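**Q** After the sequence you'll find the predicted model.
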There are 2 protein chains.
Amino acid sequence: MTAVGSKCRTCRQPAIIDLPRHNAHFCAEHLLELCRRQVARAIEQFDMLDRGDRILVAVSGGKDSLAVWDLLAELGYTADGLYVGLGIGDYSDVSATHARAFAAERGWTLIEVDLRDRYGYDIPTAAAATRKVPCSSCGTSKRHIFDEAAMNGGYDVLVTGHNLDDEAAVLFGNTLRWDVEYLARQWPVLSARLGFPKKVKPLVRLTERETAAWCIVRGIDYLVDECPMAAGNKHLAYKAALNAIEEASPGSKANFYLNFIDNMAPVLVGRAIAEGSSIGVCSNCGAPTTGSLCAFCHLVETAAAHERVRVEMVVTKRRSRR
Amino acid sequence: MTAVGSKCRTCRQPAIIDLPRHNAHFCAEHLLELCRRQVARAIEQFDMLDRGDRILVAVSGGKDSLAVWDLLAELGYTADGLYVGLGIGDYSDVSATHARAFAAERGWTLIEVDLRDRYGYDIPTAAAATRKVPCSSCGTSKRHIFDEAAMNGGYDVLVTGHNLDDEAAVLFGNTLRWDVEYLARQWPVLSARLGFPKKVKPLVRLTERETAAWCIVRGIDYLVDECPMAAGNKHLAYKAALNAIEEASPGSKANFYLNFIDNMAPVLVGRAIAEGSSIGVCSNCGAPTTGSLCAFCHLVETAAAHERVRVEMVVTKRRSRR
């Protein structure tokens, strides 16, 4: 990951990674220090966590969610994990294995919710039933299950592993459309509201490459593959566009996201749609919603009634359309 | 520029161009109509021109400046042209030929200012003398000469040929840095202020490809080459990034710029630095400035004292650095 002979910025020992946005190389020890420092800084800057908070981490088995769980422990926070079985063929099977092994090795609690066992559908079937991109029903499912588990479990805060690349890509999409209400909502902390837990993203100051390096140095065995159903989605196209800019001008991606937070987010305060304003409760599950049935219960109704669809069918069909 | 057999959206005759952002093909006649309509719409939407205004067009000899001059005439506006000789070797010689021929064929007035004749320097020399990117001294030179010619000539408004691609690229750069003051200034009209003319950009609703097509259909012979000194600048990198996004999702580029104007610019009103607030006059030329000597007179002092540098030397040196 770095040129032979390059030295750590901090200790001048042989470096293992080159981070062009910091214009420096780092050895394993000082890479870990940098990651801890950036996460501690995000937690403090955005008032994400209090000592003694009951914390639930959304865990996928990928690098980001395992890194954030590990980093929280390093910084002295105790947290439980929540894994949602999405039923995306081998991808889900392998991701579950990684999440379980990580938790078991450390003796940490991992709560599991399986979509098909609990609700009678999986993501490939939901994608076919709703005729929307798979990421749409996946997002709706995970958001609902995360919220419900955090509220029912008495957790103070839900942690997700969104990193700087994720947040920059979402910001990029909202900026391309100049969707002011969505831009105004883009902040690494969402306060608790009636029926919703507080949600925080401690990795917003770390890139994808940095969280991957954290896992490698720490010996964390994570699922490397991207979700096969995400191929071709706009989020990945936005990441690619930002990576091309970053390549030409290192630091651009971090500046794009962090300058937004510093310079623009304050200008947009009060312009987000107040989601809690005229909210009712879902007639089926009691979750907050603007309709009579929440989006998740609506999805369950549609997807659970549909004949089971294998992931390979959805992926092949989507590929042939491109 | 379009698939064989495709038909014009308006008249169903054979098309000559495919415009994916409009999801349509056009014949020559209805492409011209579209261009006229978009320019008329920009002029009206942003209150750019009044009938009877004395108009000066900044003319480079490229497609955009010749197209805007031609389009203004088509829409019933009379305008003079202003050509600045930048001394960029063959590139400048050929651009002058195109500008002069265009004006002469129509019997229109073209004012010429040559940097070396009038001020004793050229852009390659200025780039070497200031040790900055050539686009920097070029911008300073053109801005000053445009402003001065418009004010001294008694013109009501200065027109430039900036198109949608240009404006989107500048917006993209300002957005990547979230430079709120620059973002707040991004508007296709700049009002007249003490010592500065009103400046307008009637092509902001037309892409580069559309202004090129205008010239081709109208038989306008323009300089096709990009400036040899601009190679590798950030503006071109931003254009490339936007073009990659446009390719994947036609209409994204126009939405990015036009949604900014509609959705975000109103949010930013009043956040631009008030340039005219504490302004004095240049002790040398009398132009408005914040210092004692304006940026242009400072540049003239530096560049005119420097030994003459040929464009080939600057381009070769810059290329070897990349």
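**A** Great, that's in hand.
**Q** What's the separation between residue A:239 and residue A:298?
**A** As judged by Cβ to Cβ, to the nearest Å, residue A:239 and residue A:298 stand 30 Å apart. Every C-beta, even on glycine, is put in place using the N, C-alpha and C of the backbone.
**Q** who has more neighbours, the two?
**A** Counted by other Cβ atoms under 10 Å in any protein chain shown, residue A:239 and residue A:298 do not tie: residue A:239 has more neighbours, with 20 against 17.
**Q** Please, which helix or strand holds the more buried one?
**A** Here residue A:239 sits within helix A:234-248, counting by DSSP states H and E.
**Q** How about residue A:301?
**A** Following DSSP H and E, one finds residue A:301 within helix A:295-304.
**Q** tell me the mean pLDDT over that helix?
**A** The pLDDT scores in helix A:295-304 average 96.
**Q** can you list the residues of chain A near chain B?
**A** A:175-180, A:234, A:237, A:241, A:244-245, A:248-249, A:252, A:255-256, A:259-260, A:262-264, A:267-268, A:271 (Cβ under 8 Å from any Cβ of the partner chain).
**Q** just to revisit the earlier point, buried ones in the helix holding residue A:239?
**A** A:234, A:237, A:238, A:239, A:241, A:242, A:243, A:245, A:246 (16 or more other Cβ atoms under 10 Å in any protein chain shown).
**Q** Check stretch A:83-102 too.
**A** In terms of neighbour count (16+ other Cβ under 10 Å), stretch A:83-102 has its buried residues at A:83-89, A:91-92, A:95-96, A:98-100, A:102.
**Q** mind listing what the most centrally placed residue in chain A touches?
**A** For chain A, the residue nearest the mean C-alpha position is residue A:162 (3.4 Å; Cα atoms, centre = their mean). Residues near residue A:162 by Cβ atoms under 8 Å, 6 or more residues apart in numbering or on different chains: A:64, A:188, A:201, A:203, A:204.
**Q** The fourth one: what secondary structure?
**A** When you say that, I think you mean residue A:203. Classification of residue A:203 by DSSP: H, G, I helix; E, B strand; the rest coil places it in coil.
**Q** tally of neighbours for the closest residue to it other than its chain neighbours?
**A** Leaving aside its chain neighbours, residue A:203 sits nearest to residue A:163 (4.4 Å; criterion: Cβ to Cβ, 6 or more residues apart in numbering or on different chains). For residue A:163, the neighbour count with other Cβ under 10 Å is 25.
**Q** can I assume residue A:163 is in contact with residue A:212?
**A** No. Taking contacts as Cβ atoms under 8 Å, residue A:163 lies outside contact range of residue A:212: 9.6 Å.
**Q** ok, back up a step: now pLDDT too, for the buried residues of helix A:234-248, in TSV please.
**A** Shown next, in TSV, are these (pLDDT from 0 to 100):
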residue	pLDDT
A:234	84
A:237	85
A:238	90
A:239	89
A:241	89
A:242	91
A:243	90
A:245	90
A:246	91
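**Q** nearest to residue B:230, of those?
**A** residue A:245 (18.3 Å; Cβ to Cβ).
**Q** Provide the count of other residues in contact range of the closest residue to that closest one other than its chain neighbours.
**A** Leaving aside its sequence neighbours, residue A:245 sits nearest to residue A:252 (Cβ to Cβ, 6+ apart; 4.9 Å). Applying other Cβ under 10 Å, we find 21 residues neighbouring residue A:252.
**Q** Tell me how many other residues surround the closest residue to residue A:157 other than its chain neighbours.
**A** Residue nearest to residue A:157 in three dimensions, not counting chain neighbours: residue A:198, with 4.5 Å by Cβ to Cβ, 6+ apart. By the criterion of other Cβ under 10 Å, residue A:198 has 18 neighbours.
**Q** Distance of residue A:198 relative to residue A:192?
**A** 4 Å.
**Q** Residue A:287 now?
**A** 14 Å.
**Q** The two: which has the busier surroundings?
**A** Higher neighbour count among residue A:287 and residue A:192: residue A:287, with 19 against 14, using other Cβ under 10 Å.
**Q** Identify the residues contacting that one.
**A** With contacts taken as Cβ under 8 Å, 6+ apart, residue A:287 has the following neighbours: A:144, A:147, A:148, A:195, A:281, A:294, A:296, A:297.
**Q** 7 Å instead?
**A** By Cβ atoms under 7 Å, 6 or more residues apart in numbering or on different chains, the contact set of residue A:287 is A:144, A:148, A:195, A:281, A:294, A:296.
**Q** repeat for residue A:128
**A** Contacts of residue A:128 (Cβ under 7 Å, 6+ apart): A:306, A:309, A:314.
**Q** How about residue A:85?
**A** Contact analysis of residue A:85 by Cβ under 7 Å, 6+ apart lists A:92, A:96, A:112, A:113, A:114, A:115.
**Q** what's the residue nearest to residue A:157 sitting at in phi/psi?
**A** When read as degrees, to the nearest 10, the backbone of residue A:198 gives phi -60, psi 140.
**Q** My read is that it contacts residue A:155, right?
**A** No. Between residue A:198 and residue A:155 there is no contact, the gap being 8.9 Å when judged by Cβ atoms under 7 Å.
**Q** that older thread, contacts for the helix holding residue A:239?
**A** For helix A:234-248, using Cβ under 7 Å, 6+ apart, the contacting residues are A:165, A:168-169, A:172-173, A:230, A:252-253, B:176, B:237, B:241, B:244-245, B:248.
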